[in-house]
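[1] For reference, the sequence and a predicted model appear below.
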Amino acid sequence: MWCGECAVEALFSDLPGEDESDCRSLETEPGEPVQSAGEPPIKFDPIVVTSRLRWMGDQCNMDFERVSSEALAAVLKGKMEKFGAAVGSLSRSWSDQNPELVYERAFLCVSVKLLMHVAKKVPAMVHPNELIEVINGNSQVRNYIEACGG
């Protein structure tokens with residue numbers, strides 16, 4: 001199981017890291033881990049992952065209110081059972097429109113951005129489990145995270 005579940009839960013808590021001086025990144029450049037060859041594995045730090053997830057969500061420039069999607073419309077009304085379908089569809093679309101953006105990265109960006117957007121609109125309907133389940137339910141994305149050290 002993906003070890004970043006506590007990081008997802010931290011997205012909903014008031015952790016330090018909103019200030020850019022407190023943010024730490026998992027990568028120096030996209031796709032280049034901080035760990036060097038021959039070094040011991042980097043310990044899992046949920047604050048690092050939380051900061052990285054927030055940063056990824058910020059990279060998504062979609063205006064969810066203007067996107068036409070039945071699943072998205074349902075999610076925006078608080079029907080979180082459609083969250084996975086909305087994220088999958090939006091991620092494919094965004095990835096197809098931006099060939100330099102791999103699907104897995106688009107999926108993570110869209111899922112975080114959409115969850116945080118819905119959390120502002122319908123806070124009582126949103127729980128960390130939605131993001132955890134959508135990531136765990138997508139083996140392609142989960143394998144991508146694990147390959148990046150998560």
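    Nice, I can see it.

[2] Show me the helices in this structure, by range?
    Remark: helices assigned in the chain by DSSP state H are 5-10, 46-59, 70-76, 83-97, 103-121, 128-136, 139-147.

[3] can you count the residues close to the residue nearest to residue 121 when sequence neighbours are not counted?
    Computed as C-beta to C-beta, 6 or more residues apart in numbering, the closest residue to residue 121 that is not its neighbour in sequence is residue 76, at 6.7 Å. Quick note: C-beta positions are derived from backbone N, CA and C, even for glycine. Residues near residue 76, counting by other C-beta atoms under 10 Å, number 19.

[4] so residue 142 sits right up against residue 134, yeah?
    No - in this structure residue 142 lies outside contact range of residue 134 using C-beta atoms under 8 Å: 10.2 Å.

[5] So which of the two has more stuff around it?
    Taking neighbours as other C-beta under 10 Å, residue 142 and residue 134 compare with residue 134 leading, 23 against 17.

[6] dump the residue contacts of residue 139.
    Residues near residue 139 by C-beta atoms under 8 Å, 6 or more residues apart in numbering: none.

[7] What separation is there between it and residue 122?
    To residue 122, residue 139 is 29 Å away according to C-beta to C-beta, to the nearest Å.

[8] Also residue 56?
    Per C-beta to C-beta, residue 56 is found 22 Å from residue 122.

[9] quick one, which of those two is more surrounded?
    Legend: neighbour count by other C-beta under 10 Å for residue 56 and residue 122, higher for residue 56 (18 against 15).

[10] now that one, nearest residue through space, not along the chain?
    Excluding its sequence neighbours, the residue lying closest to residue 56 (C-beta to C-beta, 6+ apart) is residue 109, at 4.7 Å.
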